[in-house]
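J.: below is the sequence, then the predicted model.
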Amino acid sequence: MSTTTATKTTTTFASALNTAMSDAMEADNSVVVFGEDVGTLGGVFRITDGLTKRFGTSRCFDTPLAESGIAGTAVGMAINGMRPIIEMQFDAFAYPALEQIFSHVAKMANRTRGRVRLPMVIRIPYGGGVGGVEHHCDSSEAYYAHTAGLKVFTPATVADAYLMLREAIDTEDPVVFFEPKKLYWSKAAEDLSTLREIYESRAEDSRKIGAQGQAAVVREGQDVSIISYGPSVETALKAAEAAAEDGISAEVLDMRSIVPFDEDALVRTVEKTGRAVVVAEAQGFVSVASEITARIQERCFHSLASPVLRVTGFDIPYPSPKLEEHHLPDVDRILDALDELQWED
Amino acid sequence: MSTTTATKTTTTFASALNTAMSDAMEADNSVVVFGEDVGTLGGVFRITDGLTKRFGTSRCFDTPLAESGIAGTAVGMAINGMRPIIEMQFDAFAYPALEQIFSHVAKMANRTRGRVRLPMVIRIPYGGGVGGVEHHCDSSEAYYAHTAGLKVFTPATVADAYLMLREAIDTEDPVVFFEPKKLYWSKAAEDLSTLREIYESRAEDSRKIGAQGQAAVVREGQDVSIISYGPSVETALKAAEAAAEDGISAEVLDMRSIVPFDEDALVRTVEKTGRAVVVAEAQGFVSVASEITARIQERCFHSLASPVLRVTGFDIPYPSPKLEEHHLPDVDRILDALDELQWED
Amino acid sequence: MDEPVTTAEPGHAKAEQASRIFEASRSFGITPEQYMLPAQQQIQMLDPEGTLIPSDQQGTGPGHEYPIPEPEVLLKAYTALVAGRRINDQNYALVRQGRLAVYPSSHGQEACQVGAALCLDAGDWLFPTYRDTVSVISRGVDPLEVMVSFRGDWHCGYNPKEHRVGSMSTPLTTQLLHAVGVAHAAKLRGEDTVVLAMCGDGATSEGDFHEALNFAAVFEVPVVFFVQNNGYAISVPLSSQSAAPSLAHKAIGYGMAGERVDGNDMVAVLATLRRAVHLARENSMPLLLEAVTYRMQAHTNADDETRYRDREEVEQWKRKDPLLRMQRYLTSEGILDDAVAAEITEAAEQVASSLRQAMTAEPAENPLEIFDHVYAEPTAQLVAQRAQLSDELQRTGPTQGEK
Amino acid sequence: MDEPVTTAEPGHAKAEQASRIFEASRSFGITPEQYMLPAQQQIQMLDPEGTLIPSDQQGTGPGHEYPIPEPEVLLKAYTALVAGRRINDQNYALVRQGRLAVYPSSHGQEACQVGAALCLDAGDWLFPTYRDTVSVISRGVDPLEVMVSFRGDWHCGYNPKEHRVGSMSTPLTTQLLHAVGVAHAAKLRGEDTVVLAMCGDGATSEGDFHEALNFAAVFEVPVVFFVQNNGYAISVPLSSQSAAPSLAHKAIGYGMAGERVDGNDMVAVLATLRRAVHLARENSMPLLLEAVTYRMQAHTNADDETRYRDREEVEQWKRKDPLLRMQRYLTSEGILDDAVAAEITEAAEQVASSLRQAMTAEPAENPLEIFDHVYAEPTAQLVAQRAQLSDELQRTGPTQGEK
Ligand SMILES: Cc1ncc(C[n+]2csc(CCOP(=O)(O)OP(=O)(O)O)c2C)c(N)n1
Ligand SMILES: Cc1ncc(C[n+]2csc(CCOP(=O)(O)OP(=O)(O)O)c2C)c(N)n1
Ligand SMILES: [Mg+2]
Ligand SMILES: [Mg+2]
């Protein structure tokens, strides 16, 4: 799956993730990959395709079917010098691992006064829009983001899929890495060898100063900020485009990382535009969108011309495939929210 | 533990909970209680004391030591006509049950188009301030509140301990019932027989129209609203008292129920006072406090004279007993927040 | 059930004292260990050619004896087998035509599917998984209602209480605990309901499997845990899932009896399941039954089986096809003749064609229903959100709203 | 380890083919089942009076043979036993004086505690629970560092990597999986590290117990799972926890060997643990050992044991006290004399008195440290929150800040 040509080629989100892992495994013997079906099969989404073949069953292997077992074993491996990357097959199937994640993965470093850090990555395909049946489309980032001690990343572009996964593998802290499954087969005119170069040039600094955890302005605008992450960034961009036709210039901010949380980027964009809409797939109640909203009003109160509005999934269990379109934030719903931002004032 | 005298006596929070269960068991054969050590021992906090003796081992019994097992068995019992009340021994020990709670308890009614409802109560002692060691003081309400399909209650007074637990047992929906463990041995001049009468008079309506889920103004004030729930209500009241000495009249709102969420009560108090501070023990990031804050600014934007501020636990794992006082919201920290509410404007 | 709280000698487990297992094993004249461990070989009654195996070679023995079910029962099973195969293959086709979102087929496992339904009484309960469509239909649930979820209309299309069939469970082995709870509730009310709970070989690795078996044994409730060991959990073979001599060997660790059966032998499957249900009901205790079978098709339509197994392996298992074996046996015994066989095939064809027709129609789901069942009474937030969607649908017009 | 991906015949588990268990059982001339099931009785070498039991009555047999450890080892164990008892009783007193937040005592279980530490090499790892203070100290961790958590200063006071001792785990059986991971990492690097992982009888009901044993067996890693069955999980007796003939009978369900030992018999505990560690290391495979013992004191200081057991039961177990039995045995064998015994008592007294003194001093914890270890680099929010607390502490003055 790796590409070494120098010309600008087309790369999928999936192959960017795959290459990030194989590059990290190549660079560091202590990086190991395991989970359900990640070996021979290459994962149900083929994100680990070829890793067992290339690195052997000791570096990429299938486990028995038990998610707490996978997470707990990873904790032990990280205690003993490895950098495990584990895959949860789908969002809702990570729930059996929550005790290990909340009580150990998140707390081990703090518990031991930093003597035992757990440099591990928990990869979770998440979100909907792929016609998945029950339990296959949850957006569960709020559970992890609320848990102190975990980092929570979620890339929205092919370049970030590569760069952020490498950053996640490099960090000494445990990272929950949310992969928007509807983007797996999305493509971009990105070249893996260029991404590698960017990573290498960044890496020297980033391991020390932490380029990670920074939000990105993915579209500049003046009138309103649309703040989003993961699978919703694409929708936010489309909405901004549509808004432009109505004469509204929307800036789009991709949070990229929920923890660390780039508060300054939020402040910069909202102080500039004076209005904000937060977009996320997860049910909105007690969510990451709630946090972004609360934080904006705390920090930018006097810059705001209207309340910060949220466009999120409804407060319901994720619906069946035929009904998911009604649940997910879409361009129209974002435009409706933009309309409500008290432009007459 | 039950009291039947008519004179106003002193009742503990613990005995109010205990009596709520025994009254419900008396009234309805399908109410059963189980969990770890709830039988012979009466629970590590003695909240189920005497239930096995009074109702027999078929109505209140110990289970093997496995929380997913407890929750999953309760799901089955509720499917088959019972109204189980289960006890999680401590907040962090409910985590092994999260898959059952997120994927079944919360979703069964929706999954089956309302044909299978799960009238069950998950009792969770929570919060700190009792000198508890690691894993014994988590405030985990955000995880449940974010999960559509669950109700989340948390009483802050002896009267609510009785009344809300009875309401929780009566509702056809699953309720996660958070008991602030630092209040267990608090007392109030409440009379259990009076509470029973209140319950009986309410019950006729409430089963239909839902008195449940309403916030309560526990102190009236004009200048600022302090919004809180569970273990923090007491602190909020003390802060309001201290603020009064500085000439600030603070209204205190006890949310009582996180789901249902009494948005109207929030709007009423903030529209009246124009300022708000939200107080909660849990780490503040992506929390119930975030939601309250976000909701207030959405609904009361033009009434607000200053940003809504949060006084919450820090974004850290719950600290050890000797350090917890520095983590927990206290009166001084609330007063500091009040000071920041831009009174000069 | 209102016994005084037990205070048995600590450090000593139940089975060492007077226990149901102890009583049962004594009645068979064997030790509790011999009773709980599976027989040396899997129980098998028909050979791959459909010939009845001599009774001393069936793997049975003292405490592990399985009478052959009556001819009527076997014929009923065969009828369900034929229908089950037809349903599997019809749905497989529908998936390829894009009419179903997903369909995990039990092609090859139909003997297990049918057995699990036919061994139960009407008052009993069944707790199936995503793969157990044929069991659910064999139990009497309307095939169209079962397909509601696979078509992507709603999560569960039938009423679990009507036929006493749990919703087909996806999070692995979570449903085994529901089975324990249902049995426990029945026991508390003095009902002798047996619950049969199904899971796969891979699923036995989950923590909930362990908790369910242990709870059932400690509570002494009549749950039959029925593991369809089809050799794979998606791509992972059993040898990477467990190092146990057999999955049935897990039973003794909970103080229950375990047995292993040839899952492609309809006669043996039915015989072992019926006896397990009988013992569970009589003694109010759980049992574990492992059926060794094979998934002939991919895990689901999303799966690529060529990545982890070769055609040859699949071909070998074709020879053990449960349908063919049963047909040969019944024919040779004179229980089945051509006329009856034709009737059975015809009936199966009916089911398939009604499935096909129903899947062609696209029922109009009401989008607003997504708010209606979350709580018994909607919260203020859901009322507002419902109004929002309703408004959107009105603005975009009925066409949008219905799609 | 870079073997090709295995594709064993599906439906057939590992142990039926060439496996480590198969090899081991053949080397003992017994069947794999006989090897994996525990011996009929628990292994016991000293009777309650401290007299050596004749070897044909020790419960041992083919494949279940346990040589008695050498005198030096036994004397070392005795020394640790005496110290362990003294530590338990000292801490019990400190708790009553309010100097410790909590202390789960292992009084009565010291033979298990000591055995778990002494059976390991320096390069091995130990994964203890909240009750295993004496094991952790016997392994060489500074008692004062161990007490940091019980005093409420910080969650874990020692460096797990220094002595290869995991932090004492509270969420039950979660640590067993960490043990599997540590062993697996070592195996991948070609190190022959054995990991001993401890839990209680009640804890065996948790899902993580199941997942840990299964992972260890499938990964073929050298983890010795050591269950201290002390009869109770807080108030719940074993008979309400498990219906299995013994907890050791769970082993065969994972394809590993299980054994049961008298947990109050220091000689037998050490003998069985040492052999388990040896087999684990030699064959790179896990084993399960259940030690039958008794918790002589309440669960913790917060517990009221009179609610669930009578004094009489406790008195009976006093007669099986591991310390007294060992003392009598070593004295009668001439391994221990009065002079040595006095030295050992004196050394234990030293440990106790240093504990006492240390617990009198109140070290000034730095409140700001609560922010320092959450992440390798603090987030912007934590930097701000730290500044807030620092400001508060300055305003309230140093007295407040230090308390
Ligand atoms: C808790 C959980 N983890 C992972 C999955 C994803 N998943 C669905 S089926 C499957 C394999 C199950 O194998 P097995 O139990 O042998 O049943 P089979 O599919 O072979 O019938 C997996 C991993 C799931 N449904 N639930
Ligand atoms: C997951 C989890 N659930 C519940 C508890 C609370 N708890 C602490 S100790 C204990 C009893 C444990 O019994 P056992 O495993 O026999 O160990 P023992 O205390 O007897 O040494 C319980 C229920 C916990 N620590 N972790
Ligand atoms: Mg399978
Ligand atoms: Mg115990």
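T.: Cool, got the structure. Ligands and ions are numbered 1, 2, ... in the order given.
J.: show me the contacts for residue 121.
T.: Here I'm looking at chain A. A:83-86, A:165, A:168-169, A:174-175, A:177 (Cβ atoms under 8 Å, 6 or more residues apart in numbering or on different chains). The way it works is simple: take the backbone N, C-alpha and C, and place the C-beta from them, glycine included.
J.: sorry, should have said chain C
T.: Contacts of residue C:121 by Cβ under 8 Å, 6+ apart are residue C:194.
J.: all helices of the chain, in order?
T.: Reading this off chain A. A:13-27, A:51-55, A:67-79, A:98-100, A:108-111, A:141-145, A:158-170, A:192-209, A:232-245, A:263-273, A:288-300, A:324-327, A:331-339 (DSSP state H).
J.: that answer is for a different chain, and I need it for chain C
T.: Going by DSSP H, chain C shows helices at C:20-27, C:32-36, C:71-96, C:110-118, C:133-138, C:143-150, C:160-163, C:174-188, C:207-219, C:266-283, C:311-318, C:322-333, C:338-360, C:380-402.
J.: nearest residue to whichever residue of the stretch 151-300 of chain C sits closest to ligand 3 in space, please, no chain neighbours.
T.: Going by Cβ to the ion, ligand 3 is nearest to residue C:200 of the stretch 151-300 of chain C, at 3.7 Å. Excluding its sequence neighbours, the residue lying closest to residue C:200 (Cβ to Cβ, 6 or more residues apart in numbering or on different chains) is residue C:228, at 5.7 Å.
J.: report pLDDT for residue C:63.
T.: Looking at residue C:63, its pLDDT is 89.
J.: that one: how many residues sit nearby?
T.: 20 (other Cβ atoms under 10 Å in any protein chain shown).
J.: ok, the one 5 residues further on next?
T.: Summarising burial for residue C:68: neighbours were counted as other Cβ under 10 Å, giving 15.
J.: quick revisit: pretty sure the residue nearest to residue C:200 is touching residue C:291, no?
T.: Yes: counting by Cβ atoms under 8 Å, residue C:228 does reach residue C:291; the two are 5.4 Å apart.
J.: neighbour count winner among the two?
T.: Counted by other Cβ under 10 Å, residue C:228 and residue C:291 do not tie: residue C:291 has more neighbours, with 32 against 29.
J.: hang on, the earlier thing: where's the residue nearest to residue C:200 relative to residue C:246, distance?
T.: 14 Å (Cβ to Cβ, to the nearest Å).
J.: check contacts around residue C:42.
T.: With Cβ under 8 Å, 6+ apart, residue C:42 has these contacts: C:59, C:246, C:260-262, C:292.
J.: so what's in contact with residue C:228 and residue C:291 at the same time?
T.: What both residue C:228 and residue C:291 touch, as defined by Cβ under 8 Å, 6+ apart, is the set C:112, C:263.
J.: all strands of the stretch 1-150 of chain A, in order?
T.: With DSSP state E, counting those that start in this stretch as the criterion, the stretch 1-150 of chain A has strands at A:11-12, A:31-35, A:60-62, A:83-87, A:121-126.
J.: now what about the first one, what contacts it?
T.: The set of residues that contact strand A:11-12 without belonging to it, under Cβ under 8 Å, 6+ apart, is A:3, A:158, A:184-192, A:195.
J.: may I ask which two of the residues you listed are separated the most?
T.: Maximum pairwise distance among the contacts of strand A:11-12 (Cβ to Cβ): 19.1 Å, between A:184 and A:191.
J.: which residues touch the residue nearest to residue C:200?
T.: Contacts of residue C:228 (Cβ under 8 Å, 6+ apart): C:109, C:112, C:131, C:198-201, C:263, C:291, C:293.
J.: please redo it, this time with the cut-off set to 6 Å
T.: Residue C:228 is in contact with C:109, C:112, C:200, C:291, C:293, counting by Cβ atoms under 6 Å, 6 or more residues apart in numbering or on different chains.
J.: contacting residues for the closest residue to residue A:140 other than its chain neighbours?
T.: Leaving aside its sequence neighbours, residue A:140 sits nearest to residue A:91 (Cβ to Cβ, 6+ apart; 5.1 Å). Residue A:91 is in contact with A:124, A:126, A:138, A:140, counting by Cβ under 6 Å, 6+ apart.
J.: need these in TSV with pLDDT and distance to ligand 1, can you?
T.: Listed next are the contacts of residue A:91 as TSV, based on pLDDT from 0 to 100; distance: Cβ to the nearest ligand atom, whole Å:
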residue	pLDDT	distance to ligand 1
A:124	98	12
A:126	98	14
A:138	97	12
A:140	98	14
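J.: of the residues you listed, which is the nearest to residue C:83?
T.: residue A:138 (35.2 Å).
J.: those residues of chain A touching chain B, which are they?
T.: A:92, A:95-96, A:98-99, A:102-103, A:107, A:110, A:142-143, A:145-146, A:148-149, A:283, A:286, A:288, A:290-291, A:293-294, A:297-298, A:301, A:307, A:315-317 (Cβ under 6 Å from any Cβ of the partner chain).
J.: ok, and of these, which contact chain D?
T.: Within the residues of chain A next to chain B, those near chain D by Cβ under 6 Å from any Cβ are A:103, A:110, A:148-149.
J.: related to what we said a few turns ago, let me have the helices of chain C in a markdown table, adding mean pLDDT as columns.
T.: A markdown table is the format used below for the helices of chain C (pLDDT from 0 to 100):
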| stretch | mean pLDDT |
| --- | --- |
| helix C:20-27 | 84 |
| helix C:32-36 | 94 |
| helix C:71-96 | 96 |
| helix C:110-118 | 98 |
| helix C:133-138 | 98 |
| helix C:143-150 | 94 |
| helix C:160-163 | 97 |
| helix C:174-188 | 98 |
| helix C:207-219 | 98 |
| helix C:266-283 | 97 |
| helix C:311-318 | 96 |
| helix C:322-333 | 97 |
| helix C:338-360 | 92 |
| helix C:380-402 | 85 |
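J.: let me have the ones you listed in TSV, extended by distance to residue C:237 and mean neighbour count.
T.: Putting the helices of chain C into TSV (distance: least, Cβ to Cβ, whole Å; neighbours: other Cβ atoms under 10 Å in any protein chain shown) gives the following:
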stretch	distance to residue C:237	mean neighbour count
helix C:20-27	32	17
helix C:32-36	27	21
helix C:71-96	22	20
helix C:110-118	19	30
helix C:133-138	24	28
helix C:143-150	26	21
helix C:160-163	33	17
helix C:174-188	23	28
helix C:207-219	18	30
helix C:266-283	22	23
helix C:311-318	10	12
helix C:322-333	21	20
helix C:338-360	32	14
helix C:380-402	46	14
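J.: and residue C:301, which of those helices is closest to it?
T.: helix C:71-96 (4.6 Å).
J.: now do that closest one against helix C:143-150, angle only.
T.: On the basis of axes from the mean of the first three to the mean of the last three Cα atoms, to 10 degrees, helix C:71-96 is oriented at 40 degrees to helix C:143-150.
J.: what about helix C:71-96 and chain A, any contact?
T.: No: using Cβ under 6 Å from any Cβ, helix C:71-96 never reaches chain A; the gap is at least 12.4 Å.
J.: counting by contacts, list what that helix packs against.
T.: Using 3 or more Cβ pairs under 6 Å, 6 or more residues apart in numbering or on different chains; DSSP states H and E as the contact definition, the elements that helix C:71-96 packs against are helix C:110-118, helix C:133-138, helix C:322-333, helix C:338-360.
J.: kindly recompute the last result at 7 Å.
T.: The contact analysis (3 or more Cβ pairs under 7 Å, 6 or more residues apart in numbering or on different chains; DSSP states H and E) places helix C:71-96 against helix C:110-118, helix C:133-138, helix C:266-283, helix C:322-333, helix C:338-360.
J.: those helices: which one's closest to residue D:67?
T.: helix C:266-283 (43.2 Å).
J.: hang on, the earlier thing: now, which of the contacts of residue A:91 sits nearest chain C?
T.: For these, the closest approach to chain C (Cβ to the nearest Cβ) belongs to residue A:138, at 11.2 Å.
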